[in-house]
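>>> this one's sequence-less:
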């Protein structure tokens, strides 16, 4: 899922300082699961903003709603009748949701309340780890299911750098060396031959905005 | 001859090569580079010019290489994958070659977080293995990485680093084999202090026939003092400093520790001369360039061969 964390409160407060009536829009999918921008977080942020603006002598009127997904126009349509009542929208969705909300309501200023961190997985409650950089050219098949693009601090394709240090990465003793882990896993599986081969230079896929139409949906896209 | 560089000629003729190293200044002072170069001139076959080493901004490596050429020395142009994408790398190779650069060392580069711009984006468009292969294709096939033709391709003698000391040890020699397959001509190893481990690595490389396909230059850095030895042991990834070496440095009078460090380095060099599979030494006398003439003398590697 997409992992996000709430922006520092003061940054959010500064973005909204000139607005008197703001609708805070949560997202019920990834950011709700990772405790950054779901219904509960919308309520907490609004309470904090309310109090801070009262203290500043600049009261704000805040609305709250949480959509199923902000990365889907169908759910954004639900706001159609209420958006006009507000000066601005504060989205607690990931970067994709914020942009889709802004695209759906182009006349309203839209502000992000979270920083989108990564594509990650649950390590434990409230604890997430980045797992994928969406490079568009998955190599996990020959790296034992460990992503060197994400887990190696240099994103190396052909094995570790000279900084690999007793299983740790040169950047920190808390960071495992991705290639050490890859070696360990493939060795245990008897598949080390996979990383003896030279991997040629990558054709980067993530250097421009990407679109994808799944097979069978081409016509629907053309019809708009 | 692949490049016709002095280093290539020395190795090709079967001489025991001896290379040095020089770090460009953190400014525009050509004088500093030229002064350091004088200590190396005539004492080494080629001089590695580091490329923003430890991720700290310095005069660009190719520019300092040109200063060396002007002083009559042969540079070994170090290039890291951290600071340039494939366009900039190929452009610098063309430009450097045009001005007389004939050797290159292809490296990953230390992570930006170690340097003076820790928040910089590390490029790593390609990795060091791929860089080796790209330079080889530029030289042998006359092709850019894109596959298009190069007018007057650059003829570079291609080097890379190897670390015999990082775990898992059994993988180390396979890393060397992979670099050979990618197209490397010579290797300069990480600083060697654990001679047992190094002997085992070279033995494995010999057994696999690798040392007949690539020249190995053993990395030597003399210890200046006990603090440096302890620092290398504890803080520098991929370097193994045995406790016995530190004990030996501790065993001499304080003002004689540096001499002892040089003595140890010279003993290592003597052994490397006799070790099958080792074709030379790469001396990394970090900020100790003025000691190179003395070390070269004591290590009995002078005069350098004229080829």
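Received, thanks. From a predicted model like this one, the values you see are computed outputs, not experimental measurements.
>>> hey, let's count contacts and neighbours off CA atoms from now on
Fine.
>>> near chain A, which residues of the stretch 51-200 of chain B show up?
Proximity of the stretch 51-200 of chain B to chain A, by CA under 8 Å from any CA of the partner chain, involves residues B:82, B:108, B:110-111, B:113-114, B:122, B:124-127, B:129-130, B:162-163, B:166-168, B:174-175, B:178, B:181-182.
>>> Check whether residue B:189 sits in a helix, strand or coil.
strand (DSSP: H, G, I helix; E, B strand; the rest coil).
>>> all helices for chain A, in order.
Secondary structure of chain A, counting by DSSP state H: helices at A:9-15, A:30-33, A:39-55, A:73-76, A:95-104, A:148-151, A:178-188, A:218-222.
>>> Can you tell me which of those helices is nearest to chain B?
helix A:178-188 (7.4 Å; CA to the nearest CA).
>>> Does the closest one reach chain B?
Yes: with CA under 8 Å from any CA as the criterion, chain B is reached by helix A:178-188 at residue A:180.
>>> Can you name the residues in contact with that helix?
With CA atoms under 8 Å, 6 or more residues apart in numbering or on different chains as the test, helix A:178-188 has contacts from A:143-148, A:151-152, A:159-160, A:164, A:167-169, A:192, B:167-168.
>>> Adding mean neighbour count, write the helices of chain A out as JSON lines.
Shown next, in JSON lines, are the helices of chain A (neighbours: other CA atoms under 10 Å in any protein chain shown):
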{"stretch": "helix A:9-15", "mean neighbour count": "13"}
{"stretch": "helix A:30-33", "mean neighbour count": "22"}
{"stretch": "helix A:39-55", "mean neighbour count": "16"}
{"stretch": "helix A:73-76", "mean neighbour count": "14"}
{"stretch": "helix A:95-104", "mean neighbour count": "19"}
{"stretch": "helix A:148-151", "mean neighbour count": "22"}
{"stretch": "helix A:178-188", "mean neighbour count": "19"}
{"stretch": "helix A:218-222", "mean neighbour count": "9"}
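>>> State the phi and psi torsions of residue B:265.
For residue B:265, the backbone dihedrals (degrees, to the nearest 10) come out as phi -60, psi -40.
>>> Give me the distance between the nearest residue to it once chain neighbours are set aside and residue B:21.
Counting by CA to CA, 6 or more residues apart in numbering or on different chains, residue B:265 lies nearest to residue B:222, which is 5.4 Å off, once chain neighbours are set aside. Per CA to CA, to the nearest Å, residue B:222 is found 13 Å from residue B:21.
>>> Could you do residue B:46 as well?
8 Å.
>>> go on, residue B:126?
25 Å.
>>> How about residue A:133?
Distance of residue A:133 to residue B:21, computed by CA to CA: 37 Å.
>>> So the two - more neighbours on which side?
residue B:21 (25 against 17; other CA atoms under 10 Å in any protein chain shown).
>>> if I look at residue B:222 and residue B:21, which residues touch both of them?
Here residue B:222 and residue B:21 have B:284, B:285 as joint contacts, going by CA under 8 Å, 6+ apart.
>>> Kindly report the residues of chain A close to chain B.
Counting by CA under 8 Å from any CA, chain A comes close to chain B at A:153-159, A:161-167, A:170-171, A:180, A:196-202.
>>> For ChimeraX, write the selection for the buried entries among those residues.
Command for ChimeraX that selects the buried part of those, burial taken from 16 or more other CA atoms under 10 Å in any protein chain shown:
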select /A:153,154,155,156,157,158,159,161,162,163,164,165,166,167,170,171,180,196,198,199,200,201
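>>> How is chain A partitioned into domains?
Annotated domains of chain A cover A:2-118, A:133-195 [automatic domain parsing].
>>> Low-confidence regions, the stretch 151-300 of chain B specifically.
For the stretch 151-300 of chain B, applying pLDDT under 70 flags no range at all.
>>> what are the ranges of the strands in it?
B:157-162, B:186-191, B:215-220, B:280-283 (DSSP state E, counting those that start in this stretch).
>>> farthest residue from the center of chain A?
What lies farthest from the middle of chain A is residue A:190; by CA atoms, centre = their mean that is 35.5 Å.
>>> Quickly note the distance from that residue to chain B.
As judged by CA to the nearest CA, to the nearest Å, residue A:190 and chain B stand 14 Å apart.
>>> If I look at that residue, what pLDDT would I see?
As predicted, residue A:190 sits at a pLDDT of 97.
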